[in-house]
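Asks: Just a sequence and a predicted model for now, questions to come.
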Amino acid sequence: MRFALDALTIFAVAAGAFFFLAGTVGLLRFPDALSRVHALTKADNLGLGLIVVGLLFQTEGLLAALKLVAVWLLALLAGAAVTQLIARTAQAGGPRV
Amino acid sequence: MAFDTVLAVSVLGVAAWTIVARDMFAAVVGFIAFGLLVALVWLRLAAPDVALTEAALGSGLTGGLLFGVSTRLGRAGTTMAGETSGALRLAAVLVCALIAAGLVALLPLLPEPAPTLATLAAANITTTGLQNPVTAVLMAYRAIDTLLEVVVLLLVLLGMWSLAPDHLWSGLPRRSGLSDPDGLLTFVAQLLVPVGILVGIHIFWIGSVTPGGEFQGATILAAMWILASVAGLVDAPATNRRWLRLLLVAGPAVFLAIGLAGFAIAGSFLAYPASYAKLLILTIEIPVTLSIAAMLALLVAGPPERESQR
């Protein structure tokens, strides 16, 4: 049982790390702001989500698990909002000064 | 070990990048990233209390303040590096290098093992009624330092208010709310602020047992007010409102009053009788948290720049 949980954790966290890596490569390599933001959201949403899922197998007790899920949901909310703001600003032709 | 090396190199790299960044906005972004990395360093040093404070105050709130500064300077047409002369910058580099070299030279002179009061702090913690030794240090053993920190923060706020021209004294800070026709920020603020207030109170409340406490909790509360204000949901109060002044003074005043009462009930300044120490500490902490939250939020709001309506 212990081994199975550890294996699941390693698998999910590795998959999450892969999405973060892919998102970072996209952030560095993509040509314009909109596609860079698109790459970044994959890292934030899926990458963090998979890492949280991986860590869920290691938690002791419901409260710790709920806190992890809450962290992911809050990051989702903040990430989605900030991405929208950046994308709108980029589309309007850069930041207003 | 490998992780620590990567972390140390990243901290130094981000620090160097922040210094050489030509763009003010980029430098502030670098500073915030630097603060978050330093928070990770504190975690690796097994100091989660300091890590929380660094992430909330050092990186988040100071970052917010610096963003405000960079926007103001940008509007005023000031660039970051253009105005300082080469000689001044060279002198700054030399002084910093000297201080760093001095610190490095002192490192081998430190006694081994390092002197510590941790055992004493742990041995006497029952007299404070607390379980988190860091909070015991902040609120009981060295309560006077915390009292002075709160007073310093109040003085900083007064100093910033004093930057207002005479006729605007007791006016309103510049409106920070963006007009947001699509209502995205409004939506986020309405959703996030209640959750954030709960998290802020939680972080404050658990401070007596686990890492957390009034400064960290107050920063989160202040951040929620800032979010609501950026979304245009609330406007900063005029600086001459009686309730605002009372809120700002409540924390330091209660702290000082209970400190003075210590002479009568426990024999010295800021001493608590062991039987109800925790109750006294809580009585101090609640108004102090609210006062700090108000001070931090008003610091970010800036000095008065608009006439008060009344």
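Replies: Received the coordinates, thanks. Keep in mind it's a predicted model, so treat the numbers as computed, not measured.

Asks: ok, whichever residue of chain B sits closest to chain A - how many residues close by?
Replies: In chain B, no residue comes nearer to chain A than B:Val188, which is 4.3 Å away by Cβ to the nearest Cβ. Just so you know, the C-beta spots here come from the backbone N, C-alpha and C atoms, and that holds for glycine as well. Residues within reach of B:Val188, counting by other Cβ atoms under 10 Å in any protein chain shown, total 21.

Asks: give me the element it is part of.
Replies: Element membership for B:Val188 (DSSP states H and E) is helix B:184-205.

Asks: got a list of contacts for that helix?
Replies: A:74, A:77-78, A:81, A:84-85, A:88, B:52, B:178, B:180, B:212-214, B:216-221, B:223-224, B:227-228, B:230-233, B:285, B:289, B:293 (Cβ atoms under 8 Å, 6 or more residues apart in numbering or on different chains).

Asks: for chain A, what are the low-confidence residue spans?
Replies: A:94-97 (pLDDT under 70).

Asks: of all the residues in it, which ones are close to chain B?
Replies: Contact residues, chain A versus chain B (Cβ under 8 Å from any Cβ of the partner chain): A:Leu74, A:Leu77, A:Ala78, A:Ala81, A:Gln84, A:Leu85, A:Arg88, A:Val97.

Asks: And the third one, how far from B:Val150?
Replies: Computed with Cβ to Cβ, to the nearest Å, the distance linking A:Ala78 and B:Val150 is 30 Å.

Asks: check contacts around the residue in chain A that chain B sits nearest to.
Replies: Nearest to chain B, among the residues of chain A, is A:Ala81, at 4.3 Å (Cβ to the nearest Cβ). Taking Cβ under 8 Å, 6+ apart as the criterion, A:Ala81 is in contact with B:Leu184, B:Leu185, B:Phe187, B:Val188.

Asks: The third one: neighbour count?
Replies: In this case it means B:Phe187. By other Cβ under 10 Å, the residues close to B:Phe187 number 15.

Asks: what angle do the following helix or strand past the helix holding B:Val188 and helix B:184-205 make?
Replies: Counting by DSSP H and E, the next helix or strand C-terminal to helix B:184-205 is helix B:214-230. Between helix B:214-230 and helix B:184-205, the angle comes out at 170 degrees (axes from the mean of the first three to the mean of the last three Cα atoms, to 10 degrees).

Asks: quick check, distance from helix B:214-230 to the centre of its chain.
Replies: Mean-position distance between helix B:214-230 and its chain equals 10 Å (Cα atoms, centre = their mean, to the nearest Å).

Asks: Could I get the full set of helices for chain A?
Replies: Assigned by DSSP state H, the helices in chain A fall at A:2-29, A:33-42, A:48-56, A:62-91.

Asks: Run through who's touching the second one.
Replies: Around helix A:33-42, the neighbours that count as contacts under Cβ under 8 Å, 6+ apart are A:19, A:22-23, A:25-27, A:30, A:79-80, A:83, A:86-87, A:90-91.

Asks: again, but for the shortest one
Replies: Under the criterion Cβ under 8 Å, 6+ apart, residues A:8-13, A:15-17, A:19, A:65, A:68-69, A:71-72, A:75-76 lie in contact with helix A:48-56.
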